[in-house]
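In: make a model of this:
(chains A and B)
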Amino acid sequence: MAYVATRGGARAIDQAERLYRAELGQIDAARVDAVRRALPMLIDRVMGEASLYEPDLAALALAQAGGDLYEAVLLLRAWRTTQPRLAIAEPVRQEQLFTHRRISAAFKDIPGGQILGPTLDYAHRLLATGVLQGRPYSPAPVTPAATAAPAHQPSLAAWQKAQGLVADPARTEVAPDAIPDLTREPLLFPAKRAHTLQSLARADTGGMLTLGYAAMRGYFNAHPTVNELRLAEAEVRVTHPRGTVFSAGRVKVSQAEVTSKGKSGQLNLGFCATLGWNEVKVISGATLDLNAAAAPKGSPVEEEFFLYHTEPVEASGFCIHFKLPHYVTFQSSLDALRGAKASAAPQSEQVPS
Amino acid sequence: MFDQAKTDDPPFDHGRLLDVLARADAARLMALAETLLPLLDAVEVVQSRTGLVMLPMRDTVQGTDFHLGEVLVAEAHLRATGCEGYGMVVGRDLERAMAMAVVDAATACFGQTPAISAFLQSEAAAQAAADTECLRAIEATRVDMETF
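Out: Purely as a prediction, here's the structure:
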């Protein structure tokens, strides 16, 4: 991202970095631990955009970047390249998710019921200013139900397909190691659906919200309603050398389907999922997916537009590279400007006959 | 803790055994591995490293499998007494993964001894209890939208 081939100014560069880091002070394990425990939503967002699930490393990246999300994502993406790929897990299936939250805004009564889970959806948003005056804010504990919720919830989309409400396209089984992978091959258009969904999973939350919000406000064809939103934990199912499949642990994932009425008499669905819990991102991403099929060329909901412009490391890197030395290219522009001015000057001095 | 296993408890199949070990309390797992290690001869560490596991997901709309992102894991692989042991856990804890591999190797060599069996029963019960506690809190948020 940065210009590492520059020469000269070494002392100033060194001191500038020191000045930046002086603001952050010493970074130690206690600070990283405090970031991880205090900011789980931010950790999730960074892990999703970095496409790397490891909360401690995400907390370290945030601490080291002083909370600059793009720097934190860049640090994690760069660190990730130092690690070997050991395996590809079994695909996560919706009905196998250990589900914490599962709601539908389109249907009141869905198989398995609606579970709000951890949310502020219906809470007052009041700043607890008393904390700054020495009165700690202690949340009231949950009163658990007598019985436990089912760990796994049925798929609403599967039920809708069975009812003929949405299309049920035939799927082709693909071996895990044959799934298209953006980390090893370029994004080309028209994109494979696997590339589109992987790209959305690692895309910039703010960028997706901007483009998704434009669609939600009516600038494009399909207005979304949340068909199903789910926050859950997924088992990472890997294979033992003797062939036994087992779970190496769980990771947090979120997924959303949004729906709108299609022209074929069925409902259309858009889909998005990501590592970590990030509702804004998956609802926005599903809205973009919903609109992409009918998007005109060059529109912000066309997949080429939104996938190219929501890649956080490329986008932020391109943006901030403009502050780095461009003297040669800009001098060329100045020369062209001066040349044009010089060639125009005699004509303006001509006196009409 | 280890003497709590009932003799009529059926042994865990290999998949369930690995599930429980991967999620087991780290300190207790390492303590069990320490007791089993002297029973294993000529331990050869084939692998002890961190690395990435790509996690695919199935799209619910078109059924397309795609990559959600990578998960950092710790992996351990060893051979001892003619048996293989393997451990993989989400995260960076190499000792935890090695302890899992030691227990897996000991189980491959000697079967589910009373100590291993008791550990598995105890950890499985603790994991189930943790899940139940979590799911009871989740159930408290169930809402009937007809009366919302």
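
In: with adjacent residues omitted, what lies nearest to residue A:57?
Out: Take residue A:57 and drop its neighbours on the chain: the residue closest to it by Cβ to Cβ, 6 or more residues apart in numbering or on different chains is residue A:76, 6.3 Å away. In this view, the C-beta of every residue, glycine as well, is placed from N, C-alpha and C.

In: show me what the helix or strand hosting residue A:306 is packed up against.
Out: For residue A:306, the host element (DSSP states H and E) is helix A:303-309. On a contact count with 3 or more Cβ pairs under 8 Å, 6 or more residues apart in numbering or on different chains; DSSP states H and E, helix A:303-309 meets helix A:193-201, helix A:205-214, helix A:279-292.

In: flag every buried residue along it.
Out: Within helix A:303-309, the residues that count as buried by 16 or more other Cβ atoms under 10 Å in any protein chain shown are A:303-307, A:309.

In: closest one to residue A:56 out of those residues, please.
Out: Nearest to residue A:56, judged by Cβ to Cβ, of the buried residues of helix A:303-309 is residue A:307 at 29.9 Å.

In: could you find the closest non-adjacent residue to the closest one?
Out: Spatial nearest neighbour of residue A:307, excluding adjacent residues (Cβ to Cβ, 6+ apart): residue A:199 at 4.7 Å.

In: next, give phi and psi for residue 112.
Out: As the question left the chain open, I've gone with chain A. Residue A:112 adopts backbone torsions of phi 90, psi -20, taken as degrees, to the nearest 10.

In: that's the wrong chain, I wanted chain B
Out: phi -80, psi 90.

In: distance of it relative to residue B:38?
Out: Relative to residue B:38, residue B:112 is positioned 18 Å away (Cβ to Cβ, to the nearest Å).

In: those two: which is more packed in?
Out: Shown here are residue B:112 and residue B:38; by other Cβ atoms under 10 Å in any protein chain shown, residue B:112 has more neighbours (20 against 7).

In: and the pLDDT for the residue nearest to that one when sequence neighbours are not counted?
Out: Spatial nearest neighbour of residue B:112, chain neighbours left out: residue B:11 (4.6 Å); criterion: Cβ to Cβ, 6+ apart. At residue B:11, the model reports a pLDDT of 87.

In: burial of the residue nearest to residue A:307, as a residue count?
Out: 22.

In: check contacts around it.
Out: When contacts are counted by Cβ atoms under 8 Å, 6 or more residues apart in numbering or on different chains, residue A:199 touches A:182, A:187, A:191, A:307, A:310-311.

In: return the member of these nearest to chain B.
Out: Set against chain B, the nearest of the contacts of residue A:199 by Cβ to the nearest Cβ is residue A:182 (7.3 Å).

In: geometric centre of chain B: which residue is closest?
Out: What sits nearest the mean C-alpha location of chain B, by Cα atoms, centre = their mean, is residue B:22, with 1.9 Å.

In: residues in contact with the helix or strand in which it is found?
Out: Assigning secondary structure by DSSP H and E places residue B:22 in helix B:14-23. The contact list for helix B:14-23 (Cβ under 8 Å, 6+ apart) reads A:240, A:242, A:244-250, B:12, B:29, B:87-90, B:100, B:103-104, B:107, B:112, B:120, B:123-124, B:127.

In: show me where chain A has helices.
Out: For chain A, the helices defined by DSSP state H cover A:10-24, A:29-38, A:40-50, A:55-64, A:69-80, A:156-162, A:193-201, A:205-214, A:279-292, A:303-309, A:312-321, A:327-349.

In: low-confidence regions, the stretch 101-250 of chain A specifically.
Out: Nowhere does the stretch 101-250 of chain A drop to pLDDT under 70.

In: ok, which stretches of it are strands?
Out: A:114-115, A:225-239, A:245-261 (DSSP state E, counting those that start in this stretch).

In: chain B: which of those strands is closest?
Out: strand A:245-261 (3.0 Å).

In: list the buried ones in the closest one?
Out: With burial defined by 16+ other Cβ under 10 Å, the residues of strand A:245-261 counted as buried are A:246-260.

In: now the angle from that strand to helix A:193-201?
Out: Per axes from the mean of the first three to the mean of the last three Cα atoms, to 10 degrees, the angle that strand A:245-261 makes with helix A:193-201 is 90 degrees.

In: figure out how far strand A:245-261 is from the centre of its chain.
Out: Using Cα atoms, centre = their mean, to the nearest Å, the mean C-alpha position of strand A:245-261 is found 14 Å from that of the whole chain.

In: run me through the strand neighbours of it, direction for each.
Out: strand A:225-239 (antiparallel), strand A:267-275 (antiparallel) (DSSP bridges).

In: could you dump those to a markdown table with mean neighbour count?
Out: Formatted as a markdown table, the strands paired with strand A:245-261 follow (neighbours: other Cβ atoms under 10 Å in any protein chain shown):
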| stretch | mean neighbour count |
| --- | --- |
| strand A:225-239 | 23 |
| strand A:267-275 | 27 |
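
In: next one: phi and psi at residue A:241?
Out: Dihedral angles (degrees, to the nearest 10) for residue A:241: phi -50, psi -30.

In: near the spatially closest residue to it that is not a sequence neighbour, how many other residues are there?
Out: Using Cβ to Cβ, 6+ apart and skipping the chain neighbours, the partner closest in space to residue A:241 is residue B:86 (5.4 Å). A count of neighbours around residue B:86, defined by other Cβ under 10 Å, yields 24.

In: mind listing what residue B:86 touches?
Out: Shown in contact with residue B:86 (Cβ under 8 Å, 6+ apart): A:240-242, B:75-78, B:100-101, B:104.
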